[in-house]
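> Give me coordinates for this.
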Amino acid sequence: MTTQEKEYFCQLLASLFYPPDQELVKLTHQGTLYSFFEEYIQILGGTKDLLKGFLLKEEPEDLWGDLKFEYARLFSGLSEEFVSLVESFYKPWTRDARCSLSFASEKGLLMGDSAVHLLEIYRQCSLEMSEEFKSCPDHIAMELEFLSYLYQRATDVEIKMFIKDHLDWIPFLREEVERLDAHSFYVSALGALVLFINKERERLEV
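Sure thing, here's the model as predicted:
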């Protein structure tokens, strides 16, 4: 994959982790989403079976309803069991030994070290956060959009550092999605993401 292809690949991956909208449903229903990923998944060494969640035969309105329901069930945090799309949730809130807060080493919290670190990186790059993500700058959609940005402007050394520091939690996210018997659409989305990140880790020797 060329650098430009990786840039767009990450942008499209990021869009899969926003609440589903009519455009996403249209791309899925028409087979456009599957066709785009099919070529690159094979280049990355994956199989077409990985993408079966993008081959959905439902009518657009039914598909949109199903995806909205599943996104809310999995990722809204309103159900008893849910999957967080935020990096901080999967890591100790802080690794700063000087922090005396009782919850400092606990997981399952937001705005931890990874979020603070990313806010500083975004500031240095003169990037502004949308209101939607100000409380979770380490949301997977934001991290993938930033990775796309890095493919435009950064060196392999900087990309390697970002993947090492901020995308090491993705396998845990995939496990949680599969544990909750998620809709095949999100299983395929995570499968494509994990394959891409693993290939980049191999290329960069992360």
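
> In contact with the residue nearest the centre of the chain, which residues are there?
Nearest to the mean C-alpha position of the chain, counting by CA atoms, centre = their mean, stands residue 140 at 3.6 Å. Counting by CB atoms under 8 Å, 6 or more residues apart in numbering, residue 140 makes contact with 14, 17, 85-87, 170, 173. The C-beta positions use only the backbone N, C-alpha and C, and glycine is treated the same way.

> what's the spacing between residue 133 and residue 28?
24 Å (CB to CB, to the nearest Å).

> the more surrounded of these two?
residue 28 (23 against 14; other CB atoms under 10 Å).

> Backbone dihedrals for the more buried one, please?
phi -70, psi -50 (degrees, to the nearest 10).

> For residue 37, see how far away it is.
Taken as CB to CB, the span from residue 28 to residue 37 is 11 Å.

> overlap in contacts of the two?
Contacts common to residue 28 and residue 37, judged by CB under 8 Å, 6+ apart, are residue 54.

> mind listing the helices for the protein?
3-15, 22-29, 32-43, 60-75, 113-124, 140-153, 156-166, 170-179, 184-204 (DSSP state H).

> who's in contact with residue 199?
Contacts of residue 199 by CB under 8 Å, 6+ apart are 44-45.

> and the gap between it and residue 164?
Residue 199 is 15 Å from residue 164, by CB to CB.

> Also residue 134?
From residue 134 to residue 164 the distance is 25 Å (CB to CB).
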